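# kindly generate the corresponding structure for this input.
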Amino acid sequence: MVRKLLLVLLPVVLGSALAASPALAHDVVIPKEPPVGHEVAAAADCTGGSAGGYACSNVDLLAQLPLSTIGGGSGNDIWGWTDPQTGREYAIVGRTSGTAFVDISSPTSPIYLGNLPTATTNSTWRDMKVYANHAYIVSEAGSHGLQVFDLTRLRNVANPPVTFTADARNTSFGNAHNIAVNTDSGYAYVIGSSTCSGGPRMFNLSNPKNPVFAGCVSGDGYTHDTQSVIYAGPDTPRRGREILFSANEDTLTIVDVTSKSSPVQLSRTGYPGRGYTHQGWLTEDHRFLLLNDETDETRNGHNTRTYVFDVSNLTNPVLRGQYTGPTRASDHNLYVKGNHVYETNYRAGLRIISLTNIANPSALTEVAFFDVYPEGNTAGFAGAWSSYPYFTSGTVVVNSIQRGLFVLRPRLGDPPPGETTVFFDDFETAKGWTTNPTGTDTATAGAWERGDPEATSSSGTSLQQGTTISGSNDLVTGRLAGSGAGAHDVDGGVTSIRSPSIALPASGTLTLSFSWYLAHLNNASSADFFRVRVVSPSGTATVFQQVGAASNRSGSWSTGTANLSGFAGQSVQILIEAADATGASLVEAGVDDVRITNS
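Numbers count the residues shown, from 1 in each chain. Predicted coordinates:
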């Protein structure tokens, strides 16, 4: 919790929490709930929305190590290291009492190698980053300073776990909230300390075991978190310069730190609805910055909100809009890798969002998640603290305040090289699909809707599917089960639902893909159908169809595709139809993960 908000939130932040650190806390994360679990969890695929008892979508559980198995205490920040010599991967796991090192090279069988104890006392807050095979660790513990640990020592640990000692310790400051490292420039930025007015305290890491103080960034006061880059974005005059993008409690503050003795503040930008400006990360082209606000959900009562800034002009960032997530959870840390942002949203766990529509933030889409906090997804400060998504293996590690280390493997289905996603909808949030768009539907029941489907069956034939391809929602014909299999199926004619308008590129191979099923009993006929059509300025064309038959057809998910290249350069809409044209037949249908790609 930061100084300016401390008095406001004293009813929330208990005095016992303040006792955990001799300095005022610089965050609102107070883990009042005790650590949970003592048994190592086995690997489990994400099937039917669950993996090892944890809610999920497109993320498999590879392993989970409770805090009691990696040194105890409560969890906080996390980072990672890949040994350049051996290729082995390691999780660096922060805890109240120290830092754990875990070999995750065999991700289903992680090995806890040992613990580096806190330099002074325990603290809720600990943070670490890596440069030149060394870990740099700070904490809000009084007089802690900067611990330096040579990670190559992890190559040959006999009889783990062991208790490590630091290779060096810089005590030119005491407590600090966070640390950032620019691996391209070789500078570290200690932030939220009692020096430099709480702003970045800069260190030259050219001698990794002997960080040398290089200057302060104090012009905008306290910094909560920052990302440092050698700028390569569209603001041409700034290219090649070292730039800090900082979350400064109530603003996004951008500073040129190329000259460590004379940093230059380029801009200071607020935004409506601010609670507490917590942390942010750039897209890889340095055009946009995604920012999380730690308390806007608790203060304003909305779902998780991610703010997207256009930073193509570093002296005049513009808030492009917000992405609103599917839960009420508070957000904490986020990192961008490729075309995805990995958000750790406390009680909602790890949420992975496609950046395909980054210029239109409200159209961003969640493509995967893993919820490390089964108790609920409400706003507040428990569950996932942070993640590290940068291992080349695709493994992602998450640190939970209560449950310790999660080793995960997302299944994102990234398009192959040369292929881009034009449109995608997994129906976890409303994107503007319209039921009965022309007012001509004839069905009397079972209309298409977006929602969480309930399973139905009849005499051993599975009809409506209670599981989706991703997330918890799909498009379904009457999502409720009701009193029996025929209570909410399609009756009396045709039901349709139409997508929002989609602008197709003028060239390339355009492919529509989707997951679908059609289910019916043997009272159906070829007059019953599931159909996908494309509405364009030149008319409506059927691109996919499955008709019924006088036999039982179980509902099971399949993949459909259609070539849309003939519609290149046009604005189109996808029209999905299902029909009970026989009258007495029992018909159900579902659709999920609608995607248009260009290659």
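# C-alpha from now on. contacts and neighbour counts both.
Will do.
# what's in contact with the strand or helix carrying Ser228?
In the assignment (DSSP states H and E), Ser228 maps to strand 225-230. If you take CA atoms under 8 Å, 6 or more residues apart in numbering as the criterion, strand 225-230 is touched by 178-182, 184-185, 191, 239-248, 278-281.
# phi, psi of the nearest residue to Thr124 once chain neighbours are set aside?
Spatially, and ignoring its direct neighbours in sequence, Thr124 is nearest to Thr96 (5.0 Å; CA to CA, 6 or more residues apart in numbering). Thr96 adopts backbone torsions of phi -60, psi -30, taken as degrees, to the nearest 10.
# wait, Thr96 sits on Ile70?
No. Counting by CA atoms under 8 Å, Thr96 does not reach Ile70; the two are 11.8 Å apart.
# so what's Ser206 up against?
Gly186.
# which SS class is it?
Put simply, Ser206 is coil when judged by DSSP: H, G, I helix; E, B strand; the rest coil.
# how much space between it and Leu314?
Noted for Ser206: a distance of 28 Å to Leu314, by CA to CA, to the nearest Å.
# show me the helices in the stretch 201-350 of the chain, by range?
Assigned by DSSP state H, counting those that start in this stretch, the stretch 201-350 of the chain shows helices spanning 296-300.
# any chance you could map the helices in the chain?
Remark: helices assigned in the chain by DSSP state H are 3-6, 15-18, 296-300.
# among the ones you listed, which one carries the weakest average confidence?
If you rank the helices of the chain by mean pLDDT, helix 15-18 sits at the bottom with a mean of 30.
# ok, Glu454 - contacts?
Taking CA under 8 Å, 6+ apart, we find Glu454 in contact with 464-467, 479-481.
# can you tell me the closest non-neighbouring residue to it?
What sits nearest to Glu454 in space, not counting adjacent residues and going by CA to CA, 6+ apart, is Gly466, at 4.6 Å.
# what sits against the one you found?
Shown in contact with Gly466 (CA under 8 Å, 6+ apart): 452-456.
# could you redo the last one with a cut-off of 7 Å?
453-455 (CA atoms under 7 Å, 6 or more residues apart in numbering).
# tally of neighbours for Thr542?
Counted with other CA atoms under 10 Å, the neighbours of Thr542 add up to 14.
# I'd assumed Val535 was in contact with it.
No. Using CA atoms under 7 Å, Thr542 and Val535 do not qualify as a contacting pair, with a distance of 9.0 Å.
# circling back to that earlier point, between Thr96 and Ile70, which one's more packed in?
Using other CA under 10 Å as the criterion, Thr96 and Ile70 rank with Thr96 on top: 25 against 22.
# which residues touch the more buried one?
Applying CA under 7 Å, 6+ apart, we find Thr96 in contact with 73-75, 122-125.
# measure it to Pro35 for me?
Using CA to CA, Thr96 is found at 11 Å from Pro35.
# what is in contact with these two at once?
Taking CA under 7 Å, 6+ apart as the contact rule, Thr96 and Pro35 both touch Ser74.
# I'd like to know how many residues surround Ser106.
Other residues within reach of Ser106, judged by other CA under 10 Å, total 12.
# can you check Gly484 too?
Gly484: 12 surrounding residues under other CA under 10 Å.
# spatially nearest residue to it (excluding sequence neighbours)?
If the residues on either side of it in the chain are set aside, Gly484 comes closest to Thr456, at 7.4 Å by CA to CA, 6+ apart.
# could you count how many residues lie near that neighbour?
Neighbourhood size, Thr456 [other CA under 10 Å]: 24.
# contacting residues for it?
So Thr456 contacts 462-465, 481, 485 (CA under 7 Å, 6+ apart).
# Thr183 too?
Per CA under 7 Å, 6+ apart, neighbours of Thr183: Tyr131.
# need the contact list for the closest residue to Ala519 other than its chain neighbours.
In this structure, Ala519 finds its nearest non-sequential neighbour in Gly555, 4.5 Å apart by CA to CA, 6+ apart. Going by CA under 7 Å, 6+ apart, Gly555 touches 462-465, 517-519.
# again, 10 Å this time
Gly555 sits next to 455-457, 461-465, 516-520, 587-590 when contact means CA atoms under 10 Å, 6 or more residues apart in numbering.
# swap in Trp448?
434-436, 475-479, 490, 494-498, 576-578, 588-591.
# check Pro263 too.
Counted by CA under 10 Å, 6+ apart, Pro263 has contacts 215-219, 242-244, 255-257.
# only whichever of those are buried, select them in ChimeraX.
To isolate the buried members of the contacts of Pro263 in ChimeraX, using 16 or more other CA atoms under 10 Å:
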select :215,216,217,218,242,243,244,255,256,257
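# list just the nearest of the contacts of Pro263 to Trp79.
Nearest to Trp79 among the contacts of Pro263 is Leu244, at 19.7 Å by CA to CA.
# gap between the closest one and Asp250?
Distance from Leu244 to Asp250, by CA to CA: 16 Å.
# and Ser267, by the same measure?
Separation of Ser267 from Asp250 (CA to CA) stands at 13 Å.
# and Ala51, what are its bridge partners?
For Ala51, the beta-bridge partners are Tyr54 (DSSP bridges).
# so who does it touch?
Counting by CA under 10 Å, 6+ apart, Ala51 touches 42-45, 57, 59-62, 370-371.
# ditto for Arg238
If you count contacts by CA under 10 Å, 6+ apart, Arg238 has them with 230-232, 256, 313-314.
# can you check Gly48 too?
Contacts of Gly48 by CA under 10 Å, 6+ apart are 55-57, 466-472.
# repeat for Ala44
By CA under 10 Å, 6+ apart, Ala44 lies in contact with 50-54, 59-63, 108, 408.
# against Phe149, how distant is Asp103?
16 Å.
# on that earlier part again, what is in contact with Thr542 and Val535 at once?
574-575.
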